[in-house]
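[1] Turn this into a model:
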Amino acid sequence: MTGLRRPRLAAWVTTVAVGAVALSACSSGTAANGHTSSKSTAEVRPAHVYAAPAGLLGIAAPQQNGVLWLLAGSSSARALHALDLSNSSLVGAVPVSNSASSLAQSSTGELADGIATATAGAVELRNGSTGALVATVPVGAPVRQLVYGADGNTLYVLDGNAASASVTVVDTGSKTVQGSFGVGLDTVAVAPSPDQTSVWTLSSKGTVEQLAVAGGKVEARFTVGHSGTDLVVSPTGDRLYVLKGAAGSRNVAEVTVATEQVRTVLPAPADCVAVALSADGQTLYDAVGTPSVGNVQAFALGG
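    Just a heads-up that it's a prediction; the model follows:
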């Protein structure tokens with residue numbers, strides 16, 4: 001992490017870590033489809049809580065080297081922060097545009113952040129070790145969220161404005177847009193299937209859709225609950241983890257793809273803004289962010 005400056009967090013790291021556990025209040029153990037979940041949320045506690053900068057906005061996929069990149073800040077100043085999971089330390093920060101809205105990192109290490117101004121959007125491609133800007137790829141509208149495919153080279157960008165929304169497919173090798181297809185206006189998150197032939201989308205109303213990348217045809221649709229915020233797909237593609245609920249009462253629905261049923265409901269901390277999965281699919285990372293609080297909570301997942 002040469003050249004990165006260390007965030008000035010030492011004075012309040014302990015306070016945030018203790019407070020984070022108290023924030024992990026969660027909703028009942030009843031699944032969104034009306035079936036009682038196999039695991040009560042009250043029984044689950046985070047395996048680890050990592051202090052993070054206040055104003056946490058986004059989280060990338062954790063890397064094999066143990067680094068988890070975070071996007072945090074306010075409308076006046078935002079930065080990317082590198083969290084070393086091995087020793088719970090923040091090892092650096094890289095200033096980014098105040099319009100940075102989301103963050104993703106590929107299996108090959110490439111880092112990307114999405115830009116959302118009032119009228120335009122773009123993807124910034126960055127060095128995964130230093131965070132240094134490498135290239136900028138314009139997209140059709142302000143970026144809401146972005147995520148890499150399993151090939152480590154294809155980036156799926158959810159962008160939209162008040163009139164329309166779409167998923168734009170970017171080849172980060174050639175740094176070009178390969179195509180796009182329309183999605184619902186209230187779509188808040190997108191995640192590709194492991195084979196990258198389809199993407200899962202989540203609406204703010206809690207509706208999940210599976211759409212073919214070639215043409216955008218809807219292949220599946222079901223509802224997991226109100227106030228959808230984020231979703232991730234397991235490495236094997238057989239499960240979805242959907243963050244939903246109001247800011248003060250959130251949970252994560254674990255959905256079995258084959259049956260389109262909520263298998264269990266996992267807790268999510270109050271003010272959880274995003275989720276990420278470890279490469280082996282065994283740990284769920286919940287990013288918690290308010291103007292005065294920031295932390296990352298790790299939950300061990302069952303088989």
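[2] drop to CA atoms for contacts and neighbour counts, all remaining ones
    Will do.
[3] For residue 95, which non-adjacent residue is closest in space?
    Nearest in space to residue 95, with sequence neighbours left out and distances taken as C-alpha to C-alpha, 6 or more residues apart in numbering, is residue 79 at 4.1 Å.
[4] which residues of the chain fall in helices?
    13-22 (DSSP state H).
[5] Where does the prediction get shaky in it?
    Applying pLDDT under 70 to the chain picks out residues 1-43, 247, 303.
[6] Which parts of the stretch 101-250 of the chain are strands?
    111-116, 121-126, 133-139, 143-148, 154-160, 165-171, 176-183, 187-192, 198-203, 207-212, 218-223, 228-233, 239-246, 249-256 (DSSP state E, counting those that start in this stretch).
[7] can you redo those strands as a markdown table with mean neighbour count and distance to residue 65?
    Converted to a markdown table, these look like this (neighbours: other C-alpha atoms under 10 Å; distance: least, C-alpha to C-alpha, whole Å):
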| stretch | mean neighbour count | distance to residue 65 |
| --- | --- | --- |
| strand 111-116 | 27 | 14 |
| strand 121-126 | 22 | 17 |
| strand 133-139 | 17 | 21 |
| strand 143-148 | 26 | 18 |
| strand 154-160 | 27 | 21 |
| strand 165-171 | 22 | 24 |
| strand 176-183 | 17 | 28 |
| strand 187-192 | 26 | 23 |
| strand 198-203 | 24 | 27 |
| strand 207-212 | 21 | 32 |
| strand 218-223 | 14 | 36 |
| strand 228-233 | 25 | 21 |
| strand 239-246 | 24 | 24 |
| strand 249-256 | 24 | 26 |
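[8] of those strands, which approaches residue 98 most closely?
    For these, proximity to residue 98 was assessed by C-alpha to C-alpha; strand 111-116 is nearest, at 8.6 Å.
[9] how far does that closest one sit from the chain's center?
    Here strand 111-116 is found 12 Å from its chain centre; the criterion is C-alpha atoms, centre = their mean, to the nearest Å.
[10] Residue 240 contacts residue 258, doesn't it?
    No - applying C-alpha atoms under 8 Å as the test, residue 240 and residue 258 come out as separate, 10.6 Å apart.
[11] hang on, the earlier thing: distance check, the residue nearest to residue 95 against residue 55.
    From residue 79 across to residue 55, the span is 10 Å (C-alpha to C-alpha, to the nearest Å).
[12] repeat for residue 291
    5 Å.
[13] Likewise for residue 229?
    Noted for residue 229: a distance of 16 Å to residue 55, by C-alpha to C-alpha.
[14] before we move on, what about residue 166?
    27 Å.
[15] now residue 127
    Noted for residue 127: a distance of 23 Å to residue 55, by C-alpha to C-alpha.
[16] the more surrounded of those two?
    The residue with more neighbours, out of residue 127 and residue 55, is residue 55; 20 against 15, by other C-alpha atoms under 10 Å.
[17] That one and residue 295 touch, don't they?
    No - counting by C-alpha under 8 Å, residue 55 does not reach residue 295; the two are 9.4 Å apart.
[18] which residues touch the nearest residue to residue 112 once chain neighbours are set aside?
    Nearest residue to residue 112 in three dimensions, chain neighbours excluded: residue 125, at 4.6 Å (C-alpha to C-alpha, 6+ apart). The contact partners of residue 125, taken as C-alpha atoms under 8 Å, 6 or more residues apart in numbering, are 110-113, 133-137, 172.
[19] Redo those residues as a markdown table? Include distance to residue 251.
    What follows is these, written out as a markdown table (distance: C-alpha to C-alpha, whole Å):
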| residue | distance to residue 251 |
| --- | --- |
| 110 | 30 |
| 111 | 27 |
| 112 | 27 |
| 113 | 26 |
| 133 | 35 |
| 134 | 36 |
| 135 | 36 |
| 136 | 35 |
| 137 | 34 |
| 172 | 33 |
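[20] what two of these have the greatest distance between them?
    110 and 137 (14.2 Å).
[21] So which bits of stretch 81-101 are buried?
    Along stretch 81-101, these residues count as buried under the neighbour rule (16 or more other C-alpha atoms under 10 Å): 81-85, 89-101.
[22] Can you check which residues contact both of residue 55 and residue 295?
    Contacts common to residue 55 and residue 295, judged by C-alpha under 8 Å, 6+ apart, are residue 289.
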